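# need coordinates for the following:
(one chain, ligands or ions: 1)
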Amino acid sequence: MQETLLIYKLLYKFPYRFLKRWSHEIVQYLVPSTKYAIKCPYPMAAEFIVVHNTANDASAMNEVSYMVRNNDKVSFHYAVDDREIVQGIPDDRNAWHAGDGENGPGNRKGLSVEICYSKSGGDRFKEAEKLAAKFIAYKLNEKDWGIDRVKKHQDFSGKYCPHRTLDMGWQRFLNMVQAELENLNEKKDGDKDKPSTWAQEAWDWAKSEGITDWTRPGDACTREEVITMIYRYHKRVVEDKSSQSAV
Ligand SMILES: [Zn+2]
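Predicted coordinates for the structure are as follows:
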């Protein structure tokens, strides 16, 4: 039973993260098309990303479900907290977030990202910022954009937003995005021989335990490779157990 639990944990934590990277954290809770006239009336080809802080202490899902539910002309594409990214407006529709009017570039050309928990700050805000930096880098990479495409709400209406991110340093946040972007671009350029920074600890562990053959950290796994890694881990657990009972 214990092995089953350990294998479950291994399956859940490692291959899941390795194979899916972080993308499993995106959840869609989209505004129904019946509310497009209020929330996102115009088609949009985004030209940049606009960063916000919620100035609230609600989770990403609560922010989005509240936005979708109410009938205010206020909307945003994504909310990010310390655990997940929730999308409320499709990428190809505009949203009302930048405070620069009906035809303002922020409202009509910007893909908006709200970072949660900025009211009280603390660890969960810092984690939300980290996940937002990863997500923004992913979007830049997807669209072949550079860091110059990352704007702040303040650039469009003068409002002091993203307030806590600005307090903590805007350039610091851009550097976080840049580091994630370089990581992704490396992968794009075909450098599969270096583990990603988020995977380094797990990779070193798997190497030291003989779970992998140490090669191709950036490659996808076949089913037989996944099973072989689980089997090696299983054998190690069984061996550990029998050596313990022999003592
Ligand atoms: Zn804002």
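
# where does the chain have low pLDDT?
Within the chain, the segments meeting pLDDT under 70 span 1-25, 187-192, 245-247.

# mind listing the helices for it?
2-20, 36-39, 60-69, 105-109, 123-143, 154-157, 163-168, 170-188, 200-208, 223-246 (DSSP state H).

# okay, these in JSON lines with distance to V27 and mean neighbour count next?
Where C-beta positions appear, they are placed from N, C-alpha and C, glycine not excepted. Output for these, formatted as JSON lines (distance: least, Cβ to Cβ, whole Å; neighbours: other Cβ atoms under 10 Å):
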{"stretch": "helix 2-20", "distance to V27": "14", "mean neighbour count": "13"}
{"stretch": "helix 36-39", "distance to V27": "18", "mean neighbour count": "16"}
{"stretch": "helix 60-69", "distance to V27": "7", "mean neighbour count": "19"}
{"stretch": "helix 105-109", "distance to V27": "24", "mean neighbour count": "19"}
{"stretch": "helix 123-143", "distance to V27": "12", "mean neighbour count": "20"}
{"stretch": "helix 154-157", "distance to V27": "27", "mean neighbour count": "18"}
{"stretch": "helix 163-168", "distance to V27": "22", "mean neighbour count": "18"}
{"stretch": "helix 170-188", "distance to V27": "20", "mean neighbour count": "16"}
{"stretch": "helix 200-208", "distance to V27": "24", "mean neighbour count": "14"}
{"stretch": "helix 223-246", "distance to V27": "25", "mean neighbour count": "12"}
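
# save those as a markdown table, and put in distance to I85 too.
What follows is the helices of the chain, written out as a markdown table (distance: least, Cβ to Cβ, whole Å):
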| stretch | distance to I85 |
| --- | --- |
| helix 2-20 | 13 |
| helix 36-39 | 19 |
| helix 60-69 | 7 |
| helix 105-109 | 20 |
| helix 123-143 | 5 |
| helix 154-157 | 22 |
| helix 163-168 | 16 |
| helix 170-188 | 14 |
| helix 200-208 | 22 |
| helix 223-246 | 26 |
